[in-house]
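Q: Mind folding the following:
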Amino acid sequence: MVKDPRIPDPLSWKTFSQGLWNENPVFVMLLGLCPVLAVTNTSMNALAMGLATTFVLLASGILVSLLRKIIPKQVRIASYIIIIATFVTIADYAIQAISLDLYRALGAFIQLIVVNCIILGRAEAYASKNNVVNAAVNALGMGVGFTIALLCLGIVREVLGSGAIFGIDLFGTNFQPWAIFVLPPGGFFVLAFWLFLFSVVKKRKTQRATIEEDIANAA
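A: Reported below is the predicted structural model:
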């Protein structure tokens, strides 16, 4: 039976977890790849960008859901962009106040959160059609999934490229860092590795579920 799009989704674990696995913004939907490749040369940069994006996702999702019956359909996209830009500005000033070095390291990619298609996509596809609680839980799941993906890349790139994690030296002075991993080409190599690993795990999980379903049907 085809689901009526006007009926909101019921709140469940899936509301939160779909951003972690089945609809992970980076490893499944391949969205927001510019910051994923550009700022993950260190774990701290990856974590900061992930948290900033999660904040904007959560706050904009809540506000879009609250205003979904007030905003005219004809101007909804422009309205969503204004809402997102407002929270990006707040995140921008907050990072600048917390750490100027971190702000300089992230550069223009903080302001570019406003054009991150993950955020506008969730506002249009989910927050504008669901209540505040569902929108907040879904946005939080997406943000956590995005942050985990950034950390996966950032940790591998920093360990191999600098021999450290969150700035803490791991291997001593004898370690010869592979500088390519902190350069842009290293981002592509590490992303390809994680995409391959994610694909293999997902394929095996699907095969296992199919086998279990066949056994249950045969019993």
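Q: Any idea which residue is closest to the centre of the chain?
A: By CA atoms, centre = their mean, the mean C-alpha position of the chain lies nearest to residue 146, the distance being 1.8 Å.
Q: For it, pull up the helix or strand it's in.
A: helix 132-162 (DSSP states H and E).
Q: Which SSE is immediately downstream of that helix?
A: Using DSSP H and E, the helix or strand that follows helix 132-162 in sequence is strand 164-165.
Q: Contacts only, for residue 47.
A: With contacts taken as CB atoms under 8 Å, 6 or more residues apart in numbering, residue 47 has the following neighbours: 147, 150-151, 154. All C-beta atoms are positioned from the backbone trio N, CA, C, and that covers glycine.
Q: go with 7 Å
A: By CB atoms under 7 Å, 6 or more residues apart in numbering, the residues touching residue 47 are 147, 151.
Q: where's it relative to residue 36, distance?
A: Applying CB to CB, to the nearest Å, the value for residue 47 to residue 36 is 13 Å.
Q: in this protein, which helix has the most residues?
A: As far as residue count goes, and with DSSP state H defining each element, the longest helix of the chain is helix 184-218.
Q: State the distance from residue 135 to residue 125.
A: To residue 125, residue 135 is 11 Å away according to CB to CB.
Q: out of these two, which sits in the more crowded spot?
A: Here residue 135 and residue 125 are set side by side on neighbour count (other CB atoms under 10 Å), and the busier one is residue 135, at 28 against 11.
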